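Engineer: any chance you could fold what I've pasted below:
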Amino acid sequence: MIALALVAYHPVFCAIKQGQTSILLALAVIGLYQAAEDDRPWAGGAWLLVLTIKPQLVPMLVVYLAARRSWRLLWCGGVLMAASVVLTAVVLGSSVWIDYLRHVRPLEQFWGTGTPEYMLNVRGWLTRMFGFDAHAWIDRVSDLVWIAAMAITSALLFTRRLLEQRDRRPAYAFVVAMMLASNPHVFVHDAVIWVVPLVLFAASLRDAGAAWRP
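Structural biologist: The predicted structure follows:
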(Lines give C-alpha, C1' and ligand atoms only; values in the text may rest on other atoms or scores of the structure.)
Protein backbone atom coordinates (compact mmCIF):
# COMPACT_ATOMS: atom_id res chain seq x y z
CA MET A 1 0.00 0.00 0.00
CA ILE A 2 2.86 2.39 0.83
CA ALA A 3 4.55 1.59 -2.49
CA LEU A 4 1.33 2.27 -4.41
CA ALA A 5 0.80 5.54 -2.53
CA LEU A 6 4.32 6.69 -3.39
CA VAL A 7 4.00 5.70 -7.05
CA ALA A 8 0.63 7.48 -7.25
CA TYR A 9 2.00 10.67 -5.67
CA HIS A 10 2.25 13.08 -8.60
CA PRO A 11 5.43 14.90 -7.43
CA VAL A 12 7.23 11.52 -7.28
CA PHE A 13 6.15 10.84 -10.87
CA CYS A 14 7.37 14.30 -11.92
CA ALA A 15 10.71 13.85 -10.17
CA ILE A 16 11.35 10.51 -11.89
CA LYS A 17 9.99 11.64 -15.27
CA GLN A 18 12.13 14.80 -15.32
CA GLY A 19 15.23 13.21 -13.79
CA GLN A 20 15.14 15.59 -10.81
CA THR A 21 16.95 15.13 -7.48
CA SER A 22 13.93 15.89 -5.27
CA ILE A 23 13.66 12.37 -3.85
CA LEU A 24 17.33 12.50 -2.85
CA LEU A 25 16.74 15.93 -1.28
CA ALA A 26 13.79 14.56 0.72
CA LEU A 27 16.02 11.75 1.99
CA ALA A 28 18.66 14.36 2.88
CA VAL A 29 16.14 16.43 4.86
CA ILE A 30 15.07 13.45 6.97
CA GLY A 31 18.64 12.12 7.14
CA LEU A 32 19.86 15.44 8.53
CA TYR A 33 17.25 15.29 11.30
CA GLN A 34 18.15 11.71 12.20
CA ALA A 35 21.87 12.47 12.22
CA ALA A 36 21.34 15.45 14.53
CA GLU A 37 19.20 13.36 16.89
CA ASP A 38 21.69 10.46 16.92
CA ASP A 39 24.70 12.78 17.31
CA ARG A 40 26.36 11.65 14.08
CA PRO A 41 28.00 14.89 12.91
CA TRP A 42 29.79 13.53 9.84
CA ALA A 43 26.64 11.86 8.53
CA GLY A 44 24.71 15.07 9.13
CA GLY A 45 27.42 17.10 7.43
CA ALA A 46 27.24 14.79 4.42
CA TRP A 47 23.46 15.24 4.19
CA LEU A 48 23.96 19.00 4.47
CA LEU A 49 26.37 18.80 1.54
CA VAL A 50 23.75 16.89 -0.49
CA LEU A 51 21.22 19.65 0.22
CA THR A 52 23.49 22.21 -1.47
CA ILE A 53 22.16 20.73 -4.73
CA LYS A 54 19.28 23.11 -4.01
CA PRO A 55 21.10 25.75 -1.92
CA GLN A 56 17.94 27.66 -1.02
CA LEU A 57 17.07 24.80 1.35
CA VAL A 58 20.24 25.13 3.42
CA PRO A 59 19.86 28.43 5.38
CA MET A 60 16.66 27.48 7.23
CA LEU A 61 18.08 24.10 8.22
CA VAL A 62 21.29 25.75 9.43
CA VAL A 63 19.13 27.96 11.66
CA TYR A 64 17.52 24.83 13.12
CA LEU A 65 20.90 23.21 13.75
CA ALA A 66 22.22 26.38 15.37
CA ALA A 67 19.14 26.55 17.63
CA ARG A 68 19.79 23.00 18.86
CA ARG A 69 23.51 23.78 19.15
CA SER A 70 24.65 21.11 16.73
CA TRP A 71 27.97 22.87 16.30
CA ARG A 72 29.97 19.74 15.46
CA LEU A 73 27.51 18.82 12.72
CA LEU A 74 27.71 22.32 11.25
CA TRP A 75 31.52 22.21 11.44
CA CYS A 76 31.60 18.83 9.67
CA GLY A 77 29.22 20.14 7.02
CA GLY A 78 31.45 23.17 6.50
CA VAL A 79 34.54 20.97 6.15
CA LEU A 80 32.84 18.74 3.56
CA MET A 81 31.58 21.75 1.60
CA ALA A 82 35.02 23.34 1.62
CA ALA A 83 36.56 20.06 0.49
CA SER A 84 34.07 19.79 -2.36
CA VAL A 85 34.86 23.35 -3.46
CA VAL A 86 38.60 22.66 -3.44
CA LEU A 87 38.22 19.31 -5.23
CA THR A 88 36.04 20.70 -8.01
CA ALA A 89 38.33 23.70 -8.40
CA VAL A 90 41.34 21.40 -8.75
CA VAL A 91 39.62 19.16 -11.31
CA LEU A 92 37.65 21.78 -13.28
CA GLY A 93 39.54 24.97 -12.49
CA SER A 94 38.70 27.78 -10.10
CA SER A 95 36.79 29.57 -12.87
CA VAL A 96 33.81 27.25 -12.35
CA TRP A 97 33.10 28.91 -9.00
CA ILE A 98 33.81 32.41 -10.27
CA ASP A 99 31.44 31.85 -13.19
CA TYR A 100 28.85 30.37 -10.86
CA LEU A 101 28.89 33.40 -8.56
CA ARG A 102 28.79 35.71 -11.58
CA HIS A 103 25.79 34.06 -13.22
CA VAL A 104 23.72 32.71 -10.30
CA ARG A 105 21.57 35.84 -9.95
CA PRO A 106 20.64 36.13 -13.66
CA LEU A 107 19.93 32.39 -13.69
CA GLU A 108 17.68 32.73 -10.66
CA GLN A 109 15.79 35.55 -12.36
CA PHE A 110 15.46 33.43 -15.51
CA TRP A 111 13.76 30.61 -13.63
CA GLY A 112 11.82 33.02 -11.47
CA THR A 113 10.24 34.78 -14.45
CA GLY A 114 10.00 31.76 -16.76
CA THR A 115 8.19 29.13 -14.70
CA PRO A 116 6.75 30.57 -11.48
CA GLU A 117 3.20 29.45 -12.23
CA TYR A 118 4.36 25.89 -11.54
CA MET A 119 5.87 26.76 -8.16
CA LEU A 120 4.13 25.55 -5.00
CA ASN A 121 5.17 28.49 -2.84
CA VAL A 122 4.35 32.14 -2.15
CA ARG A 123 5.99 33.19 -5.42
CA GLY A 124 3.85 30.79 -7.45
CA TRP A 125 0.67 31.76 -5.61
CA LEU A 126 1.24 35.48 -6.24
CA THR A 127 2.03 34.81 -9.91
CA ARG A 128 -1.16 32.81 -10.39
CA MET A 129 -3.10 35.60 -8.66
CA PHE A 130 -1.63 38.63 -10.46
CA GLY A 131 -0.02 37.25 -13.64
CA PHE A 132 3.42 37.43 -15.26
CA ASP A 133 3.32 41.18 -15.76
CA ALA A 134 3.70 41.66 -12.01
CA HIS A 135 6.85 39.52 -11.73
CA ALA A 136 9.10 42.47 -10.79
CA TRP A 137 7.34 43.21 -7.50
CA ILE A 138 6.44 39.55 -6.94
CA ASP A 139 10.16 38.68 -7.01
CA ARG A 140 10.89 41.33 -4.39
CA VAL A 141 7.98 40.25 -2.20
CA SER A 142 8.96 36.57 -2.41
CA ASP A 143 12.53 37.42 -1.37
CA LEU A 144 11.22 39.45 1.57
CA VAL A 145 8.89 36.60 2.57
CA TRP A 146 11.83 34.18 2.52
CA ILE A 147 13.92 36.46 4.75
CA ALA A 148 10.97 37.13 7.08
CA ALA A 149 10.25 33.39 7.36
CA MET A 150 13.85 32.75 8.41
CA ALA A 151 13.68 35.57 10.97
CA ILE A 152 10.38 34.30 12.43
CA THR A 153 11.63 30.72 12.52
CA SER A 154 14.85 31.78 14.23
CA ALA A 155 12.97 33.79 16.87
CA LEU A 156 10.61 30.92 17.65
CA LEU A 157 13.35 28.28 17.83
CA PHE A 158 15.60 30.30 20.13
CA THR A 159 12.88 31.71 22.40
CA ARG A 160 11.24 28.31 22.92
CA ARG A 161 14.56 26.69 23.88
CA LEU A 162 14.63 23.95 21.29
CA LEU A 163 17.51 22.18 23.01
CA GLU A 164 15.33 21.50 26.09
CA GLN A 165 12.45 19.94 24.15
CA ARG A 166 12.18 16.17 24.47
CA ASP A 167 10.39 15.73 21.14
CA ARG A 168 11.90 17.94 18.47
CA ARG A 169 9.91 16.46 15.59
CA PRO A 170 7.21 19.19 15.62
CA ALA A 171 9.87 21.91 15.61
CA TYR A 172 11.73 20.35 12.70
CA ALA A 173 8.45 19.79 10.83
CA PHE A 174 7.64 23.48 11.34
CA VAL A 175 11.06 24.54 10.07
CA VAL A 176 10.80 22.41 6.92
CA ALA A 177 7.22 23.57 6.27
CA MET A 178 8.25 27.23 6.58
CA MET A 179 11.27 26.52 4.38
CA LEU A 180 9.13 25.06 1.60
CA ALA A 181 6.30 27.61 1.73
CA SER A 182 8.63 30.61 1.65
CA ASN A 183 11.41 29.21 -0.54
CA PRO A 184 11.90 31.16 -3.79
CA HIS A 185 12.02 27.93 -5.84
CA VAL A 186 9.65 25.03 -5.08
CA PHE A 187 8.40 23.19 -8.15
CA VAL A 188 5.92 20.33 -8.37
CA HIS A 189 8.62 17.69 -8.06
CA ASP A 190 10.01 19.45 -4.96
CA ALA A 191 6.70 18.80 -3.18
CA VAL A 192 8.13 15.33 -2.47
CA ILE A 193 9.96 17.01 0.43
CA TRP A 194 6.60 17.83 2.07
CA VAL A 195 6.40 14.16 3.03
CA VAL A 196 9.07 14.77 5.70
CA PRO A 197 7.30 17.41 7.87
CA LEU A 198 3.94 15.69 7.46
CA VAL A 199 5.28 12.30 8.58
CA LEU A 200 7.28 13.73 11.49
CA PHE A 201 4.34 15.77 12.76
CA ALA A 202 1.90 12.86 12.39
CA ALA A 203 4.30 10.57 14.27
CA SER A 204 4.63 13.15 17.05
CA LEU A 205 0.85 13.43 17.36
CA ARG A 206 0.51 9.64 17.47
CA ASP A 207 3.10 9.23 20.21
CA ALA A 208 1.75 12.11 22.32
CA GLY A 209 -1.83 10.86 22.24
CA ALA A 210 -4.10 12.72 24.63
CA ALA A 211 -1.11 14.62 26.02
CA TRP A 212 -0.61 16.54 22.78
CA ARG A 213 -0.91 20.32 23.01
CA PRO A 214 -1.22 22.76 20.08
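Engineer: list the buried ones in stretch 193-209?
Structural biologist: For stretch 193-209, a neighbour-count test (16 or more other CB atoms under 10 Å) marks Ile193, Trp194, Val195, Val196, Pro197, Leu200, Phe201, Ser204 as buried. Every C-beta, even on glycine, is put in place using the N, C-alpha and C of the backbone.
Engineer: same deal with stretch 28-40?
Structural biologist: Buried residues in stretch 28-40, counting neighbours by 16+ other CB under 10 Å, are found at Ala28, Val29, Ile30, Gly31, Leu32, Tyr33, Ala35, Ala36, Arg40.
Engineer: just the ones in helices from those, please.
Structural biologist: Those of those mapping onto helices are Ala28, Val29, Ile30, Gly31, Leu32, Tyr33, Ala35, Ala36, per DSSP state H.
Engineer: right, and the pair among the buried residues of stretch 28-40 with maximum separation?
Structural biologist: Greatest spatial distance among the buried residues of stretch 28-40 (CB to CB): Val29 and Arg40, at 15.5 Å.
Engineer: test my guess that Leu24 contacts Val50.
Structural biologist: Yes - under the criterion of CB atoms under 8 Å, Leu24 makes contact with Val50 at 6.5 Å.
Engineer: okay, now the unreliable bits of the protein?
Structural biologist: Within the chain, the stretches with pLDDT under 70 are 1-2, 109, 111-114, 214.
Engineer: where exactly do the helices run in it?
Structural biologist: Going by DSSP H, the chain shows helices at 2-8, 10-17, 22-37, 41-51, 58-67, 71-92, 95-114, 122-130, 135-159, 169-182, 195-208.
Engineer: nearest residue to the residue nearest the centre of the chain in space, please, no chain neighbours.
Structural biologist: Of all residues in the chain, the one closest to the mean position by CA atoms, centre = their mean is Leu57, 3.0 Å from it. Excluding the flanking residues, the one nearest Leu57 by CB to CB, 6 or more residues apart in numbering is Leu51, at 5.1 Å.
Engineer: what number of residues lie near the one you found?
Structural biologist: Other residues near Leu51 come to 21 when the count uses other CB atoms under 10 Å.
Engineer: which one of the buried residues of stretch 28-40 sits closest to Leu4?
Structural biologist: Nearest member of the buried residues of stretch 28-40 to Leu4, counting by CB to CB, is Ile30, at 20.8 Å.
Engineer: surely the closest one meets Val196?
Structural biologist: Yes - proximity of Ile30 to Val196 meets the contact threshold set by CB under 8 Å, at 5.0 Å.
Engineer: measure the nearest residue to Ala208 once chain neighbours are set aside to Gly31 for me?
Structural biologist: Using CB to CB, 6+ apart and skipping the chain neighbours, the partner closest in space to Ala208 is Asp167 (7.4 Å). The spacing between Asp167 and Gly31, counted by CB to CB, to the nearest Å, is 19 Å.
Engineer: one more: Ser182?
Structural biologist: For Ser182, the distance to Gly31 equals 22 Å [CB to CB].
Engineer: same deal with Val145?
Structural biologist: In terms of CB to CB, Val145 sits 27 Å off from Gly31.
Engineer: so what's the residue count around the closest residue to Ala66 other than its chain neighbours?
Structural biologist: In space, and not counting its chain neighbours, Ala66 is closest to Leu74: 7.0 Å by CB to CB, 6+ apart. Neighbourhood size, Leu74 [other CB under 10 Å]: 18.
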